[in-house]
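Q: Structure, please.
(one chain, ligands or ions: 1)
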Amino acid sequence: MRKPFIAGNWKMNLTLDMAQELTDKIAAENIDFNRVGVALIPSYTNLYPVYKILKSTGTEIRLGSQNVHFEKNGAYTGEVSVEMLKSVGCTFALLGHSERRNILGETDELINKKLHSCIDQGLDAIVCVGETLNEREAHIHKEQTVSQVGKALKGIEKKFLNNIIIAYEPVWAIGTGKTAGKEDAEEIHSAVRDFIKSKYGEEAASEIKIIYGGSVKPENIKELINMENIDGALVGGASLKFESFSKIIQNCTI
Ligand SMILES: O=C(CO)COP(=O)(O)O
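A: Sure thing, here's the model as predicted:
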């Protein structure tokens, strides 16, 4: 049985005060962590202040970054290393978000390098994959998404799979109010799990979490989470408001 996991990706939103206020409220929530895992993914500037609040309240909410550089350190102006992220309380990094792939030109090869760097240095990762509208209309969404998973995981050993979560985020559903129908999402989640099975075996496939992202709201989380292969959500817009994020956590029941 895979425990559901809800992560709030704040993207490039929230100043320091706003991030602290939102974290205070979420950390004060009475969340049953035996039932659901929860994580916050603030901008780099808000990581440490958010971490301090999470730590002082003793909550089990995890902290992740929205990106990381693949090199350990050096002359990479504007970049942040795995070691730096760990030193401010991050336990995972988000890799390959479609906004980074499509706006900032990140390639599958780069994402694979970042994943290796995280795994080598003891940082977990959420690897984002998903097709564009054109790819869906051309009926290659399944192949495209599975191919992204394969390229991201290239050279990753089976023993590290429990440090990795896959997030399926169809690009056309992000920030648009359009959610993939639960059956559409399930089709892809099931294809990704089949791929993991073919590459790493039955046990790895049954244990890996595959979460969904794209206009997740308090109203649709329940039907998504009740699909066999959907293990949680990566929430964008609705994670910026305490009311909607806490309702998503509450409604995340199987
Ligand atoms: O990209 C997303 C999370 O990473 C999804 O964003 P929205 O929930 O705003 O559609």
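Q: all contacts plus neighbour counts: C-alpha atoms, from now on.
A: OK.
Q: Residues of this protein that sit close to the ligand?
A: Counting by C-alpha under 6 Å from any ligand atom, the chain comes close to the ligand at 9, 174-175, 213-216, 234-238.
Q: And those residues, which is closest to C252?
A: Nearest to C252 out of these is V216 (C-alpha to C-alpha; 11.2 Å).
Q: Please, where are all the strands along this protein?
A: Assigned by DSSP state E, the strands in the chain fall at 5-9, 37-41, 62-65, 92-95, 124-129, 164-168, 210-213, 232-235.
Q: How about the contacts made by V192?
A: Neighbouring residues of V192 by C-alpha atoms under 8 Å, 6 or more residues apart in numbering: 145-146, 149.
Q: What is the burial count for E203?
A: 10 (other C-alpha atoms under 10 Å).
Q: Now it: closest residue in space, sequence neighbours ignored.
A: K197 (7.7 Å; C-alpha to C-alpha, 6 or more residues apart in numbering).
Q: returning to that earlier point: so which of the contacts of V192 sit within helices?
A: Judged by DSSP state H, those include 145-146, 149 as members of helices.
Q: burial count for the residue of the stretch 1-150 of the chain found nearest the ligand?
A: Residue nearest to the ligand within the stretch 1-150 of the chain: N9 (5.2 Å; C-alpha to the nearest ligand atom). N9 is flanked by 24 other residues according to other C-alpha under 10 Å.
Q: Could you do D184 as well?
A: Neighbours around D184, by other C-alpha under 10 Å: 10.
Q: for K3, same thing?
A: There are 14 residues near K3, going by other C-alpha under 10 Å.
Q: Over to Q250?
A: 16.
Q: try T15
A: T15: 11 neighbours (other C-alpha under 10 Å).
Q: same thing with G175?
A: Using other C-alpha under 10 Å, G175 has 16 other residues around it.
Q: before we move on, what about I31?
A: Counted with other C-alpha under 10 Å, I31 comes out at 18.
Q: I165 is in contact with A205, isn't it?
A: No: the criterion here is C-alpha atoms under 8 Å, and I165 misses it with A205 at 11.4 Å.
Q: Tell me where the protein is predicted with low confidence.
A: The model of the chain has no residue with pLDDT under 70.
Q: Could I get the full set of helices for it?
A: Under DSSP H, the chain gives helices at 16-28, 44-57, 82-87, 98-102, 108-120, 133-137, 141-152, 182-200, 202-207, 221-225, 242-251.
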